[in-house]
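Trainee: Provided below are the primary sequence and the corresponding predicted coordinates.
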Amino acid sequence: MLLMAGAMGSTVGASARAPLLLQAQLQALNDHGYVAIKNWISNAQTDELMCDALAVRRFGGTYDCHIGDSAGGVGSVHDPSVRNSRMCTLYPPPSNSAGSVDVRARLTRIVDGLRRELQASSVLALPYLEPFQTELHYLLYPVGGHYKRHLDTGYKAHGWKLLGRQASDGGSLRGGRTRRVISFLIYLNRGWDQRNGGELRVFPPLAPDDPARTRQPTGRRELDDP
C-alpha cells in the first residue's frame, strides 16, 4: 500500500502528531492499494523537515541511492540510469552534528503514530508491523533525478527476508523473517509547480500493459501495498 502526504496551506506549528486518517481514506487504501492525503502535516513541519534534510546533505550525510537486494550492500549497485537520487538513512540516524536531532525525533514519533493507527485499522487488517523494522530515509532528487518503475518488495522469496542469517549460511537463527507491508512518501515540496516535473507514477500490480496513475507531489502522503 502506498501513502503520499505533505502540507498545502496548513499553518499549525510543528508538533509530534499528525491528523488521524479518515475512515474513507483507510477504505480507499484498502480498495485501491494507495491513497493520497493532502494537508497531512503542517507547513511548519514541512519546512523544518526540508531544512533538516538540506542540512544533513551539507554535512555530507547523504550517499548515492543503489538498486538491488540491499542498498549499498552485497548485491546492490549504483546505476543512475535507473535511480538518480541521494539518500540519508534516519534509522540508524545521521550524526547528531548534522541538522536537528529534535526535528528527526518528532518525525520518528509521527511515523510511529501512523504505524499504530494503520495496525489498529480493522479495514486494513494488516499483519503485525514491527515497530523496530520501520525504514525511514530522506531522499533528495536533483534536477533530472528519477527512479524508474520498480517494486518496493523484491521478487526474491516473495519479498521476505530472513532475520539473523543469510540463506547461504543456513537461514534464520530463530526462524523469523520480515517484509515490507506499507510504503509511504511525505513530500516536502511546498509551492510545487507542475513545470518542475517530479510526478509519481503508480502502476497496477502485475499488469504491465495497464495505464499508470500519475500522482503529483503537491503536499500529500501516499501509502502503497507492494
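Mentor: Done, it's in. The structure presented is a predicted model; accordingly, all values stated were derived computationally and were not measured.
Trainee: so where's the protein uncertain?
Mentor: Scanning the chain for pLDDT under 70 picks out 6-17, 69-75, 154-178, 205-226.
Trainee: am I right that Arg104 is in contact with Pro92?
Mentor: No: counting by C-beta atoms under 8 Å, Arg104 stays clear of Pro92, with 11.2 Å between them. C-betas here are computed from N, CA, C, even on glycine.
Trainee: higher neighbour count, these two?
Mentor: Shown here are Arg104 and Pro92; by other C-beta atoms under 10 Å, Arg104 has more neighbours (24 against 5).
Trainee: and that one, which of the three is it?
Mentor: Classification of Arg104 using DSSP: H, G, I helix; E, B strand; the rest coil returns helix.
Trainee: ok, it - contacts?
Mentor: Contact analysis of Arg104 by C-beta atoms under 8 Å, 6 or more residues apart in numbering lists 52, 90, 93.
Trainee: what sits against the closest residue to Arg86 other than its chain neighbours?
Mentor: Spatial nearest neighbour of Arg86, excluding adjacent residues (C-beta to C-beta, 6 or more residues apart in numbering): Thr62 at 4.2 Å. Thr62 makes contact with 56, 86-88, 138, 140, according to C-beta under 8 Å, 6+ apart.
Trainee: ranges for the helices of this structure?
Mentor: Assigned by DSSP state H, the chain shows helices spanning 23-32, 43-59, 101-120.
Trainee: need the winner for burial among these.
Mentor: helix 43-59 (a mean of 18; mean count of other C-beta atoms under 10 Å).
Trainee: tell me what angle it forms with helix 101-120.
Mentor: For helix 43-59 against helix 101-120, the angle by axes from the mean of the first three to the mean of the last three C-alpha atoms, to 10 degrees is 120 degrees.
Trainee: now do helix 43-59: which elements does it pack against?
Mentor: strand 86-89, helix 101-120, strand 137-140 (3 or more C-beta pairs under 8 Å, 6 or more residues apart in numbering; DSSP states H and E).
Trainee: centre of the chain to that helix, how far?
Mentor: Relative to the centre of its chain, helix 43-59 is centred 16 Å away, using C-alpha atoms, centre = their mean, to the nearest Å.
Trainee: before we move on, back to that, now the contacts of Thr62 in CSV, with distance to Val111?
Mentor: Putting the contacts of Thr62 into CSV (distance: C-beta to C-beta, whole Å) gives the following:
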residue, distance to Val111
Val56, 17
Arg86, 21
Met87, 16
Cys88, 15
Tyr138, 13
Leu140, 19
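Trainee: PyMOL command to pick out the buried ones of these?
Mentor: To isolate the buried ones among the contacts of Thr62 in PyMOL, judged by 16 or more other C-beta atoms under 10 Å, type:
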select buried, resi 56+86+87+88+138+140
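Trainee: between the contacts of Thr62, which is closest to Asp112?
Mentor: Using C-beta to C-beta, Tyr138 comes nearest to Asp112 of these, at 17.3 Å.
Trainee: pull the contacting residues for that closest one.
Mentor: For Tyr138, counting by C-beta under 8 Å, 6+ apart, the contacting residues are 52-53, 56, 62, 87-88, 90.
Trainee: out of those residues, give me the two with the largest separation.
Mentor: Every pair of the contacts of Tyr138 checked by C-beta to C-beta; the farthest is Asp52 and Met87, at 14.3 Å.
Trainee: who wins for proximity to Ala18 among the helices and strands packed on helix 43-59?
Mentor: helix 101-120 (5.1 Å).
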